[in-house]
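Asks: one predicted model, sequence on top.
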Amino acid sequence: MLDLVLRLAKRRPHVRLQTVRLEELTPELTRELHAMSNRLATEDLAHFEVHAKSNDVVHVFRRRDTDEIVGFQFWRTMPIDLPRSRVVAGGKLRMDPEFRNRGLHLLSGLVFYLSERVRHPRTRLYRISVASVLGFISLTDTLASYTLLRPTATDRESVAVRDVFAALADESDFELRDDGLIFVDIFMTEETLGRYPAEFFERAAARVYRTANPDFRTNGCFLGFWFRFTPTNVLSLTRAVIRKIRRSTP
């Protein structure tokens, strides 16, 4: 799947993607991932391990020259109470600032989606996300459509999606709140946020996030949102991945 996307992009990034299933995730690699993560957003190791073990797969990005970890994304699928449907849940995402804006996290998501599509061709796939402000902006900017989590909505689809978020929160020791915020007890460091210019936080997606989670800098809460892998969303995401890889790779 990865080779297919890279052939479309006609580029090969200066990193390699390592797929590690849960049963292959060693204590040593877990500590290595936590150390990389903790430089960007503070979190104790025990909390990190709980989240890691609730996932199926982690995509680890390593430099091709030094093999150093420069980013990772956890993934899992979950059941949902809708006909012929299943949920793709993106877990913790971290990326070294030097390797941001290269489409690597989008590439990870697309590769995982394509692998699930091959395994379950007749299943309707949803994507849910518990997102920091940075993760929210980087993903929603590439989509044709998405929906913020509304835990109090009563239509069947919204209730089914809320139940999946609730199950995810319980497993990860998070707290799902009625306003759609999810307390994750993770705090973005000022150093990380300071790497972005003021105008970054004035982008349309940033304003949506700030409206829904105005105290995101200090409250330890992330924002829940979801979308369906419709043809328009898949096309929009694929184009964004190809565009970013071409722009960032000579």
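Replies: Good, I have the coordinates.
Asks: pick out the residue closest to the middle of the chain.
Replies: G90 (4.3 Å; Cα atoms, centre = their mean).
Asks: any stretches of this structure with poor pLDDT?
Replies: In the predicted model, the chain carries pLDDT under 70 at residues 1-13, 248-250.
Asks: tell me where it has helices.
Replies: Listed in chain order, the helices of the chain (DSSP state H) span 2-9, 27-38, 45-53, 104-119, 133-140, 156-171, 190-194, 204-212, 231-248.
Asks: tell me which of those lies nearest to D67.
Replies: Among the helices of the chain, helix 27-38 comes nearest to D67, with 10.9 Å by Cβ to Cβ. All C-beta atoms are positioned from the backbone trio N, CA, C, and that covers glycine.
Asks: how about stretch 220-236: buried residues?
Replies: Judged by neighbour count using 16 or more other Cβ atoms under 10 Å, the buried positions of stretch 220-236 are 220-229, 233-234, 236.
Asks: actually stretch 73-87, not the one I wrote
Replies: Residues of stretch 73-87 classed as buried: Q73, F74, W75, R76, T77, M78, I80, L82, S85, R86, V87 (neighbour count, 16+ other Cβ under 10 Å).
Asks: tell me which two of those residues sit farthest apart.
Replies: Longest span within these, Cβ to Cβ: Q73 and L82, 24.9 Å.
Asks: so what pairs up with the residue lying closest to G91 once chain neighbours are set aside in the strands?
Replies: Of all residues not flanking G91 in the chain, F74 sits nearest, at 2.9 Å (Cβ to Cβ, 6 or more residues apart in numbering). Beta bridges link F74 to V58, judged by DSSP bridges.
Asks: P121 versus M95, what's the distance?
Replies: 31 Å (Cβ to Cβ, to the nearest Å).
Asks: between the two, which is the more surrounded one?
Replies: A side-by-side neighbour count of M95 and P121, using other Cβ atoms under 10 Å, places M95 first with 22 against 7.
Asks: correct me, but that one touches F61?
Replies: Yes. With contact defined as Cβ atoms under 8 Å, M95 reaches F61; the gap is 7.5 Å.
Asks: for Y146, see how far away T140 is.
Replies: Taking Cβ to Cβ as the measure, T140 falls 5 Å from Y146.
Asks: okay, those two: which has more neighbours?
Replies: Taking other Cβ under 10 Å, T140 and Y146 do not tie; T140 has more neighbours (21 against 18).
Asks: how about the nearest residue to that one, chain neighbours excluded?
Replies: Once flanking residues are discounted, T140 sits nearest to A205: 4.8 Å by Cβ to Cβ, 6+ apart.
Asks: hmm, that neighbour is touching L134, no?
Replies: No. Checked against Cβ under 8 Å, the pair A205 and L134 is beyond contact range at 10.4 Å.
Asks: shared neighbours, M95 and F61?
Replies: Counting by Cβ atoms under 8 Å, 6 or more residues apart in numbering, the shared contacts of M95 and F61 are V70, G71, L104.
Asks: got a list of what C221 touches?
Replies: C221 neighbours (Cβ under 8 Å, 6+ apart): R177, L181, I182, F183, V184, N213, D215.
Asks: excluding its backbone neighbours, what's nearest it?
Replies: L181 (4.3 Å).
Asks: in contact with the closest residue to the residue nearest to the centre of the chain other than its chain neighbours, which residues are there?
Replies: Using Cβ to Cβ, 6+ apart and skipping the chain neighbours, the partner closest in space to G90 is S129 (5.1 Å). Residues in contact with S129 (Cβ under 8 Å, 6+ apart) are A89, G90, G135, F136, L139, G224, F225, W226.
Asks: noted, bye for now.
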